[in-house]
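Novice: predicted coordinates and the sequence they were generated for:
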Amino acid sequence: MDQDKVHVAIISSPGMGHLVPVLLLGHRLATHHGLGVTILAVTTQTSRVESQILASLTNSNHLNLIKIPSPDISNLLGPDDAVVTQLAIMMREARPGIRSAISAMNHPPHVLIVDLFSGDSLPIADEFKLQKYVFLPCNARFVALTMYLHVLDKEVKGQYVDQKEPLKIPGCVPVWGQDVPDPMLDRDNQQYLEYVRMGINFSTLSDGVLMNTWRDLDPASLDALRYNEILRSVVKVPVYDIGPLTREVNEADLEGNEVIKWLNKQPLESVLFVSFGSGGTLSAEQIIELAHGLEMSQQRFVWVIRPPVGSAKDGAFFTSGSGPDKPPDFLPEGFLDRTQKNGLIVPLWASQVNILNHQSIGGFLTHCGLNSVHESIKAGVPMIAWPLYSEQRLNATLLSEDVKVALRPSVLPAEKVVGREEIDKMVRSLMEGEEGKMLREKVKLLRESANQALSMNGSSYKSTCEFISCCKMKMK
């Protein structure tokens, strides 16, 4: 065993939105920085689609993957417990499995890295005398809000969504109540208490925080996390911007891919890609309005579609990728026939990175999950921000108001149906309007910034090196 080589173990909670960035972090640390990496993935029953994604990301000799079966928590949950509560309880109950996995490792790690929902596993590092870090696949504004939340909890009276003024976080752009992450929507819900606890754990139990972001996406929040005296008194630990870590185009998937074949026949930057992530779902009524809006716009589109649900609030987090793998029967009558020349419907799942990087893609209607946001920016594709749940409203505001690479509906899609006329207007504006041209120019500049950040002399590369140097110093 190389005495100077840093070995890390990274814990991932269930869900592709959590596992994908953990795998990307592990791959980056192994291939670009020479670390030994083991992924401890707490897994639920995965769908065929998720298994395919997992296989594509772990098909290398760089990562050692240990799957830890998720514990049975059915007797610990109430019928109305939200996703954050479920994940927090699941990851607490998974600690014996995590502890056993670390104990049985051939090369004991020097460093334990936990993800967003695994903060309660940080004390395990103390048992094995390991360094301990948190990896948050989130933007800097979300990190600042999360770690400052226990202060707001004491200062703010009543529900955050009812506040007349935005929430003030030292050094950061204020956050309006309507943009707060889901756990903050109801302070009487158990998931709010879990979320407050998470933020406290990150600063009190860890040696530092890694963030899947880069300086130019939100420099004010990053500077505040590092230098603002008031915020630093709460955050306490070092923060490292190490992103944006994203999946790369898989050349093997391009040949024979029916979507790619269709895109090859379309003009440059003429197609709108519509997808709501691995767990995003819409109501039946919203699907109908979206279909009519796309048809009215007369723009080319590729739409990855899932069956409707009664409520799109939490999406289909634990059932993502499931459902019938066939053309949907819940679209407006005659829609498929009327749009067959300029539209392509894809049931359940498509290779998002490959599609976004195709030269015919000119826009992305997205739920604003950060994996999707980063992939769109890295592909130089402007967006229509359609937030559904979690921290996606915060991401949507950052994209539309701060870096200005996205349009946004006038209503919150998770709260109210977006009508076909507004969808038509947004799609036309993005794909052929002057505003769309400006957004396209800005996102291509941001793409250059993201690539520069990850290059050998870039800010994210240097920040990762600082993290590794700190780990090596503590090993001596």
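Specialist: Yep, it's here.

Novice: so, low pLDDT: which residues of the stretch 51-200 of the chain?
Specialist: The stretch 51-200 of the chain contains residues with pLDDT under 70 at 51-61.

Novice: what sits up against the helix ranked longest in the chain?
Specialist: Taking DSSP state H as the criterion, the chain has its longest helix at helix 434-454. Helix 434-454 is contacted from outside by 214-217, 241, 243-244, 269, 362-363, 374, 376-383, 403-407, 429-430, 458-461, using Cβ atoms under 8 Å, 6 or more residues apart in numbering. Placement of C-beta: from N, CA and C, glycine included.

Novice: go through it and flag the buried ones.
Specialist: Under the neighbour-count criterion of 16 or more other Cβ atoms under 10 Å, helix 434-454 has Gly436, Leu439, Arg440, Val443, Lys444, Leu446, Arg447, Ser449, Ala450, Gln452, Ala453, Leu454 buried.

Novice: what segments of the chain are strands?
Specialist: 7-12, 36-43, 63-69, 111-114, 131-136, 209-211, 239-241, 271-275, 300-305, 343-347, 361-366, 383-385, 406-407 (DSSP state E).

Novice: okay if I get these as a markdown table plus mean neighbour count?
Specialist: What follows is the strands of the chain, written out as a markdown table (neighbours: other Cβ atoms under 10 Å):
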| stretch | mean neighbour count |
| --- | --- |
| strand 7-12 | 26 |
| strand 36-43 | 23 |
| strand 63-69 | 16 |
| strand 111-114 | 28 |
| strand 131-136 | 23 |
| strand 209-211 | 24 |
| strand 239-241 | 24 |
| strand 271-275 | 25 |
| strand 300-305 | 22 |
| strand 343-347 | 19 |
| strand 361-366 | 26 |
| strand 383-385 | 26 |
| strand 406-407 | 26 |
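
Novice: show me the helices in the stretch 351-476 of the chain, by range?
Specialist: 352-356, 370-378, 392-397, 420-432, 434-454, 459-475 (DSSP state H, counting those that start in this stretch).

Novice: looking at the ones you listed, which is closest to Phe335?
Specialist: When the helices of the stretch 351-476 of the chain are compared by Cβ to Cβ, helix 420-432 sits nearest Phe335, at 11.9 Å.

Novice: export only the CA atoms of that closest one, formatted as CSV.
Specialist: As requested, the backbone C-alpha atoms of helix 420-432 are provided in CSV (Å, rounded to 0.1, in the frame of the first residue of the first chain):
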residue,chain,number,x,y,z
ARG,A,420,-50.2,26.5,-22.8
GLU,A,421,-50.1,30.1,-23.9
GLU,A,422,-47.3,31.0,-21.5
ILE,A,423,-45.4,27.8,-22.5
ASP,A,424,-45.8,28.7,-26.2
LYS,A,425,-44.4,32.2,-25.5
MET,A,426,-41.5,31.0,-23.5
VAL,A,427,-40.5,28.3,-26.0
ARG,A,428,-40.6,30.7,-28.9
SER,A,429,-38.7,33.3,-27.0
LEU,A,430,-35.9,30.8,-26.0
MET,A,431,-35.6,29.2,-29.4
GLU,A,432,-36.0,32.0,-31.9
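
Novice: tell me which residues are up against that helix.
Specialist: Contact with helix 420-432 is made by 270, 272, 289-290, 292-294, 296-297, 299, 362-363, 365, 382-384, 407, 409-410, 435-436, 439, as judged by Cβ under 8 Å, 6+ apart.

Novice: relative to strand 361-366, how tilted is that helix?
Specialist: 140 degrees (axes from the mean of the first three to the mean of the last three Cα atoms, to 10 degrees).

Novice: quick one, helix 420-432 and strand 271-275 angle?
Specialist: Using the same axes, to 10 degrees: helix 420-432 against strand 271-275 is 130 degrees.

Novice: give the rounded mean pLDDT of helix 420-432.
Specialist: What helix 420-432 shows for mean pLDDT is 98.

Novice: just send the helices of the stretch 351-476 of the chain back as CSV, with distance to Pro21 too.
Specialist: What follows is the helices of the stretch 351-476 of the chain, written out as CSV (distance: least, Cβ to Cβ, whole Å):
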stretch, distance to Pro21
helix 352-356, 13
helix 370-378, 6
helix 392-397, 14
helix 420-432, 27
helix 434-454, 14
helix 459-475, 14
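
Novice: out of the ones you listed, which gets nearest to Lys265?
Specialist: helix 352-356 (14.1 Å).

Novice: show residues contacting that closest one.
Specialist: With Cβ under 8 Å, 6+ apart, helix 352-356 has contacts from 246-250, 253-254, 257, 259-260, 263, 273, 275, 302, 304, 361, 364, 372, 375-376, 379, 381.

Novice: and the spatially most central residue of the chain, how far is that from Met211?
Specialist: With distances taken as Cα atoms, centre = their mean, the residue of the chain nearest its centroid is Leu370 (3.3 Å). Using Cβ to Cβ, to the nearest Å, we find Leu370 at a distance of 10 Å from Met211.

Novice: who touches both of the two?
Specialist: Cys138, Asn139.

Novice: dump the buried residues of helix 434-454 to JSON lines, plus pLDDT.
Specialist: Below are the buried residues of helix 434-454 laid out as JSON lines (pLDDT from 0 to 100):
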{"residue": "Gly436", "pLDDT": "97"}
{"residue": "Leu439", "pLDDT": "98"}
{"residue": "Arg440", "pLDDT": "98"}
{"residue": "Val443", "pLDDT": "98"}
{"residue": "Lys444", "pLDDT": "98"}
{"residue": "Leu446", "pLDDT": "98"}
{"residue": "Arg447", "pLDDT": "98"}
{"residue": "Ser449", "pLDDT": "98"}
{"residue": "Ala450", "pLDDT": "98"}
{"residue": "Gln452", "pLDDT": "98"}
{"residue": "Ala453", "pLDDT": "98"}
{"residue": "Leu454", "pLDDT": "97"}
